[in-house]
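Asks: coords please:
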Amino acid sequence: MKTYYERRRDAQKRWINAIQKSADEVSASAEFRSNGGDAPIALTKVPFFDVELVGVPALNYVGNTVFKENESFSQLMTEQGKFFTQVLYNVSAKNLSG
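Replies: Here you go, the predicted structure:
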């Protein structure tokens with residue numbers, strides 16, 4: 001009998017495969033290519049974190065861990081991307097403070 005975690009892992013694999021299949025189908029479509037989509041849609045896998053990730057600093061950690069070396073997200077890791085992230089952080093902080 002499979003354990004809870006084995007069943008969960010197997011279910012995640014099925015969904016990842018379904019998402020990848022859908023991304024491949026969309027990437028191959030004429031509509032996607034006609035909208036300037038030269039590269040296929042990239043599926044980025046995010047590792048499991050054993051703590052709840054809450055707030056902008058945690059999201060910054062995830063971003064650096066997962067996306068920093070990922071070419072699909074290189075435009076977000078530039079100085080302009082960092083500026084955009086800082087603006088979002090400031091707007092969020094302002095909204096939270098009332």
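
Asks: State the helix or strand in which Gly43 lies.
Replies: Not quite, residue 43 is Leu, not Gly. Leu43 belongs to no helix or strand when elements are defined using DSSP states H and E.

Asks: got the contact list for the spatially most central residue of the chain?
Replies: Here the mean C-alpha position of the chain is nearest to the C-alpha of Thr44 (C-alpha atoms, centre = their mean), at a distance of 5.9 Å. If you count contacts by C-beta atoms under 8 Å, 6 or more residues apart in numbering, Thr44 has them with 66-67, 70, 72-73. Just so you know, the C-beta spots here come from the backbone N, C-alpha and C atoms, and that holds for glycine as well.

Asks: Per-residue pLDDT of it, please?
Replies: The pLDDT attached to Thr44 in the predicted structure is 82.

Asks: now do Arg33
Replies: Arg33 is assigned a pLDDT of 87 by the prediction.

Asks: Check which residues of the strand or helix carrying it are buried.
Replies: In the assignment (DSSP H and E), Arg33 maps to helix 30-34. Burial within helix 30-34, assessed by neighbour count using 16 or more other C-beta atoms under 10 Å, is assigned to Phe32.

Asks: confidence score at the residue lying closest to Phe32 once chain neighbours are set aside?
Replies: Distances taken as C-beta to C-beta, 6 or more residues apart in numbering place Val26 nearest to Phe32, at 5.4 Å, with adjacent residues excluded. According to the model's per-residue confidence, Val26 sits at a pLDDT of 92.

Asks: One more: Asn90?
Replies: At Asn90, the model reports a pLDDT of 60.

Asks: By residue count, tell me the biggest helix in the protein.
Replies: Using DSSP state H to define each element, the chain has its longest helix at helix 4-27.

Asks: which residues are contacting it?
Replies: For helix 4-27, using C-beta under 8 Å, 6+ apart, the contacting residues are 2, 32, 37, 39-43, 45.

Asks: Extract the CA atoms of it and return them as PDB.
Replies: Extracted C-alpha coordinates of helix 4-27, given in PDB (Å, rounded to 0.1, in the frame of the first residue of the first chain):
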ATOM      1  CA  TYR A   4       0.300   9.400   1.900                       C
ATOM      2  CA  TYR A   5       3.400  11.000   0.500                       C
ATOM      3  CA  GLU A   6       3.800   8.500  -2.300                       C
ATOM      4  CA  ARG A   7       0.200   9.100  -3.300                       C
ATOM      5  CA  ARG A   8       0.700  12.900  -3.100                       C
ATOM      6  CA  ARG A   9       3.900  12.700  -5.200                       C
ATOM      7  CA  ASP A  10       2.200  10.500  -7.800                       C
ATOM      8  CA  ALA A  11      -0.700  13.000  -8.000                       C
ATOM      9  CA  GLN A  12       1.700  15.900  -8.400                       C
ATOM     10  CA  LYS A  13       3.600  14.000 -11.200                       C
ATOM     11  CA  ARG A  14       0.300  13.500 -13.000                       C
ATOM     12  CA  TRP A  15      -0.700  17.200 -12.800                       C
ATOM     13  CA  ILE A  16       2.800  18.300 -13.800                       C
ATOM     14  CA  ASN A  17       2.600  16.000 -16.900                       C
ATOM     15  CA  ALA A  18      -0.900  17.400 -17.700                       C
ATOM     16  CA  ILE A  19       0.300  21.000 -17.400                       C
ATOM     17  CA  GLN A  20       3.400  20.300 -19.500                       C
ATOM     18  CA  LYS A  21       1.300  18.600 -22.200                       C
ATOM     19  CA  SER A  22      -1.000  21.700 -22.300                       C
ATOM     20  CA  ALA A  23       1.900  24.100 -22.400                       C
ATOM     21  CA  ASP A  24       3.400  22.100 -25.300                       C
ATOM     22  CA  GLU A  25       0.100  22.100 -27.200                       C
ATOM     23  CA  VAL A  26      -0.300  25.900 -26.700                       C
ATOM     24  CA  SER A  27       3.300  26.500 -27.700                       C
END
